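Visitor: sequence below, structure please.
(chains A and B)
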Amino acid sequence: MAHDHSHDDDIVGQVPSDPALRVKALESVLVELGLVDPAAVDAWIETYERRIGPHNGARVVARAWSDPGFKQHLLANGSGAIADLDMLGIQGQHITVVENTPAIHNLIVCTLCSCYPLPLLGLPPRWYKSAPYRSRAVIDPRGVLKEFGVELAPEVEVRVWDSTSEVRYLVLPQRPPGTEKMSEGELASLVTRDSMIGTARQLAVPGGRR
Amino acid sequence: MNGIHDMGGMHGFGPIELEAKEPVFHEPWEARMFGLRRAMTSPPGSTIDRFRFLRESMPPAAYLTWSYYEHWYYSTVRSLLEAGYLTMAELRSGHAAADRVRRKDAMRAGDVAEARKTGGVFTRALDAAPRFSVGDGVATRNLQPTGHTRLPRYARGRRGSIHNRHGGHVLADASARGEGERPEHLYTVMFTARELWGEQVAANDKVFLDLWESYLEPA
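Guide: Coordinates of the predicted model:
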């Protein structure tokens, strides 16, 4: 290594305490060195602020609800089915989809960091990356779900998926009753981010009963 | 490493703080940090696993008090310092030293869509057949590496069964050490919640982890 380890360990003490100043200085140096083009930084930000988000995952869910053949493919080979929709991408080239049923509830976490199916859900919310969620989702998923307003009957099996590899997980929520006549687009509008992480279970139908 | 990042099963962090209508980024600098990491030319060997290891190597007190994109700042800066791509003096001044060579090969805005779509494929073809089949009983090895690993402390020395096979995947442990990809068969392993957490948890609950073949032995 080019630098003494104790020196590197002191990054925390040697840089400005204000993160905005810290990042501004880093960007300035990287741009001067030609290691970064600020327009490319803008493009990455714009991609996740405007284009990639939970509406992508909602499209996958609505397709699965509407097309039994697609659903079967999706559950057997998530990456393959999502590739057919041309929706794979960085931090989500390998996807496993897990299905909620009346007897099973799935919950996704990354205890070690923040792994999340980016092409389908965008960037994770702050709570997903937080110590309380990461620490408790595996040991007390029912308690975590209660904080999200989800009360599970004891007989429902909870399956927690700790995302420890580059395989990313998406929950296929249950299709709400009373939606039989809805188009795929209408169905997609019912699907929430949290229902695809598993921190929500029942989806609301406008004008219908919950 | 047995670091502060390995949080599964820890107590004491309090309730989950939910936020209605959460923005993608809370501060402009968070967005810049995210974009910088994605757009910048990383030093050779700075794999995503190396970045993860550097983040895990933060002083534990800073890990807990610095926010998420400050972690990204830390791992990014440390990677660049280690490679000699920048110095602490440059970082503090916000200016490159006069004698530095300026590069011209940074990712352009027009490259971003393709990089997002095609980046980050970790599957690798393997000649060796997988050692385990779906349904096989396995035990996780009691590994305590000081480097990066994807076998959390809470799942070491535990019995489970093979739920699914994913074929060959880059071994994160090796990639983080700069030892190349060393792909291995990757499996989803199912554990009963009681195997991991004891009798106080629900008898029907399960926890699934993705684990590489070298983490596992027959059981």
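
Visitor: give me the pLDDT value at the residue nearest to B:Val121 when sequence neighbours are not counted.
Guide: Spatial nearest neighbour of B:Val121, chain neighbours left out: A:Gln93 (4.8 Å); criterion: C-beta to C-beta, 6 or more residues apart in numbering or on different chains. Yep, even glycine has a C-beta here, placed from its N, CA and C like the rest. pLDDT, A:Gln93: 97.

Visitor: torsion angles phi and psi at A:Gln93?
Guide: Main-chain torsions, A:Gln93, degrees, to the nearest 10: phi -90, psi -20.

Visitor: SS state for A:Asn106?
Guide: What DSSP: H, G, I helix; E, B strand; the rest coil gives for A:Asn106 is strand.

Visitor: mind listing what it touches?
Guide: A:Asn106 makes contact with A:Val98, A:Glu99, A:Asn100, A:Val158, A:Arg159, A:Val160, A:Trp161, A:Tyr169, A:Val171, A:Gly198 under the criterion C-beta atoms under 8 Å, 6 or more residues apart in numbering or on different chains.

Visitor: from those, list just the buried residues.
Guide: Buried subset of those (neighbour count, 16 or more other C-beta atoms under 10 Å in any protein chain shown): A:Val98, A:Asn100, A:Val158, A:Arg159, A:Val160, A:Trp161, A:Tyr169, A:Val171, A:Gly198.

Visitor: tell me the secondary structure of the fourth one, please.
Guide: Translated: A:Arg159. strand.

Visitor: pretty sure A:Arg168 sits against A:Thr96.
Guide: Yes. Applying C-beta atoms under 8 Å as the test, A:Arg168 and A:Thr96 come out as touching, 7.5 Å apart.

Visitor: who has more neighbours, the two?
Guide: Per other C-beta atoms under 10 Å in any protein chain shown, whichever of A:Arg168 and A:Thr96 has more neighbours is A:Arg168, with 27 against 23.

Visitor: can you confirm B:Pro15 is in a strand?
Guide: No. B:Pro15 is assigned coil when assessed by three-state DSSP, not a strand.

Visitor: next, count neighbours for it.
Guide: Neighbour number of B:Pro15 under other C-beta under 10 Å is 12.

Visitor: phi first, then psi, for it.
Guide: Residue torsions, per degrees, to the nearest 10, at B:Pro15 are phi -70, psi 160.

Visitor: what do you get for B:Thr87?
Guide: Taking degrees, to the nearest 10 as the convention, B:Thr87 sits at phi -120, psi 160.

Visitor: check contacts around it.
Guide: Remark: with contacts taken as C-beta under 8 Å, 6+ apart, B:Thr87 is in contact with B:Leu81, B:Ala97.

Visitor: just for chain A, where's the confidence low?
Guide: Chain A contains residues with pLDDT under 70 at A:1-9, A:208-210.

Visitor: check the contacts of A:Asn106 one by one and keep those near chain B.
Guide: Checked against chain B using C-beta under 8 Å from any C-beta of the partner chain, these yield the following neighbours: A:Val158, A:Arg159, A:Val160, A:Trp161.

Visitor: quick one: distance of the top helix by length along chain A to the chain centre.
Guide: Determined from DSSP state H, the single longest helix within chain A is helix A:19-33. Taking the mean of its C-alpha atoms, helix A:19-33 sits 29 Å from the chain's own mean (C-alpha atoms, centre = their mean, to the nearest Å).
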